[in-house]
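1. Sequence and predicted structure below; questions after.
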Amino acid sequence: MALETPNRYLMVRATLLILSLLFPLTVFAAPSPAAPEQRDQARSLQVASAASDLALSRGLGLAPSDFPDAEDLIAEADEFDLKLPEMELPDSDIPLTFNSKVDYFVRYFQGPGRGSFAKWLSRSERYIPMMKTVLRKEGLPEDLVYLAMIESGFLPHALSVAAAVGPWQFMPATGKNYKLRIDFWIDERRDPLKSTVAAARYLKELYALFNNDWYLAAAGYNAGENKILRAINMYNSRDFWELSKGEYLKRETKDYVPKLLAAAIIAKEPAKHGFADVAYLPPIEFDVVKIPSRTDLEVAARACGVSDNTLRELNPELRRGSTPPNYPDYQLKIPKGSGAVFEAEYAKIPESERYVERVTTVKYRAKKRDTLASIARRFDTTPQAIAELNHLGRGKKKLKGRVLTVPVQVASAEDDPPAEKARVEAAAKVKAEPKEFHKYYTVRKGDTLYSLARKFNVTARMLSAWNNMKAKVALKPGKRIIVAKYQEREKAPW
């Protein structure tokens, strides 16, 4: 009885599978360059294999067409190339890509980094609506908010090892370039609203600089535009993925775009990626009032009927617990709906009672074993306050010899002003260092460290230390170096 077509096909497949295990066909082998003799031998093997297939088909009563030919087998083998499974990506106004690098960070955020990413998601809804509004007004994609997510986790007080600050992690110079005020009293890099405006303007410039390529713009935001321009010239490519294959860019920059894309993919569909149980914080909402003169946050909080911590959270840019001096009509953020109450109560407070001097600064030269923590304990302040005031990052720094500006508490409402004033004056007198002056010399042809050391009656080692040079380095004519140091003498009390 003749075999039915479906059963006949299954039988053919099974027979071929058995034969492939016993006598592997050469058509399954990966193509490789071969000598003419090897190609002839392979061709003869294929002919012999075809003859045996013909004999087998006659024995089974099958037509040759029931066997797949070599081309079909090769086509099927090509389908076994290792590829990432297709992922249905969420809608986004920035181009999303899913490749092995993006997949790595998706898995990382789902695994080892899950705790941190859950916190980022929790804080995200507090700031994303406001940030998207700013980006939309600037004509930029709203999903660029996820750049702030990977930069800081939406943490206004975030401080990097490199001394970048705020939700958008601006360095001091870049922040000032985009009109963010950074001084003893205020650091607008922490202000979620003002820093988002600055970031939007910076990203807009980067996007135009890199011919409307958001991947290169994001990489430029991380490494600096000049670094990316040099990489483009070095590798003669404007494709971020090609640039990331080279050795020039740092690992942080190579990972920056894949991390951004992974964060956006998860954050736009958190439940799909295992984050269905995140407790989101409510969106930040506030009214803005103008403060005519320097005012303590405690005073403003009483006028609003809220705690001073509430105002500190709404105004993270204020570093000293008050609005800054010489900043008339400072725009203070207060809880939404409390503007009328605040203005009525604030008007009742005399200007002389709106602010009490609480903080001053002293200069301190760090000793050999000093750390930020030990200096902070000595002056009753915090390591972070000293680091921010002196533009130091979170990493360990060599402080020896560095003159630091240290904030010192002057008084609180409960302190006795005369006694507190005497305490601070004594601390400043003991810990402040005398002013130092340098004498410079312009190197001439033939000068060496040893000849200059003899000339100025110092040691070559001292010259090396003062000028951060190695003892055996050759001096370049025209270079100005320090050859003497002087300290200002204290004036006699009479």
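-> It's in.
2. what helix or strand does the residue sitting nearest the centre point of the chain sit in?
-> Centrality entry for the chain: nearest residue to the mean C-alpha point is Glu151, 3.7 Å, by CA atoms, centre = their mean. Counting by DSSP states H and E, the element that carries Glu151 is helix 145-152.
3. Where does the record place the domain boundaries for the chain?
-> Under the assignment automatic domain parsing, the domains of the chain span 5-78, 100-273, 286-353, 359-431, 436-487.
4. Any idea which of these gets closest to Tyr280?
-> Within those, the stretch nearest Tyr280 is domain 100-273; the backing value is 4.1 Å (CB to CB). No exception for glycine: its C-beta is placed from N, CA and C like everyone else's.
5. Give the rounded mean pLDDT of that closest one.
-> Summarised as a single mean, pLDDT over domain 100-273 is 96.
6. what about it, how long is it end to end?
-> 17 Å (CA to CA, to the nearest Å).
7. tell me how far that domain is from the chain's mean position?
-> Chain-centre distance of domain 100-273: 6 Å, with CA atoms, centre = their mean, to the nearest Å.
8. Now do the same contact list for the nearest residue to Tyr346 once chain neighbours are set aside.
-> Nearest residue to Tyr346 in three dimensions, chain neighbours excluded: Ala303, at 4.4 Å (CB to CB, 6 or more residues apart in numbering). With contact taken as CB atoms under 8 Å, 6 or more residues apart in numbering, Ala303 is in contact with 341-342, 345-346, 349.
9. What separation do you get for Ala303 and Ile349?
-> Applying CB to CB, to the nearest Å, the value for Ala303 to Ile349 is 7 Å.
10. shared neighbours of those two, anything?
-> Shared contacts of Ala303 and Ile349 (CB under 8 Å, 6+ apart): none.
11. for Leu332, helix, strand, or coil?
-> Put simply, Leu332 is strand when judged by DSSP: H, G, I helix; E, B strand; the rest coil.
12. check which helix or strand covers the nearest residue to Asn390 once chain neighbours are set aside.
-> The spatial neighbour of Asn390 that comes closest, neighbours along the chain excluded (CB to CB, 6+ apart), is Leu404 at 5.3 Å. Taking DSSP H and E as the criterion, the element that holds Leu404 is strand 403-409.
13. burial count for Pro392?
-> One thing to correct before we go on: residue 392 is Leu, not Pro. Other residues near Leu392 number 20, with proximity taken as other CB atoms under 10 Å.
14. quick one: average confidence on the strand holding Leu404?
-> 83.
15. Could you list the buried residues of it?
-> Judged by neighbour count (16 or more other CB atoms under 10 Å), strand 403-409 contains these buried residues: 404, 406-408.
16. Identify the farthest-apart pair in those residues.
-> Farthest-apart pair in the buried residues of strand 403-409 is Leu404 and Val408; separation 11.9 Å (CB to CB).
17. Give me the common contacts of those two.
-> With CB under 8 Å, 6+ apart, Leu404 and Val408 have no common neighbours.
18. Same list, the domains of the chain, but as CSV with distance to Asp93 please.
-> Formatted as CSV, those follow (distance: least, CB to CB, whole Å):
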stretch, distance to Asp93
domain 5-78, 36
domain 100-273, 4
domain 286-353, 27
domain 359-431, 33
domain 436-487, 48
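19. Tell me which of these sits most buried.
-> domain 100-273 (a mean of 19; mean count of other CB atoms under 10 Å).
20. residues in contact with the residue nearest to the centre of the chain?
-> Going by CB under 8 Å, 6+ apart, Glu151 touches 158, 167-169.
21. Against Arg189, how distant is it?
-> Glu151 is 11 Å from Arg189, by CB to CB.
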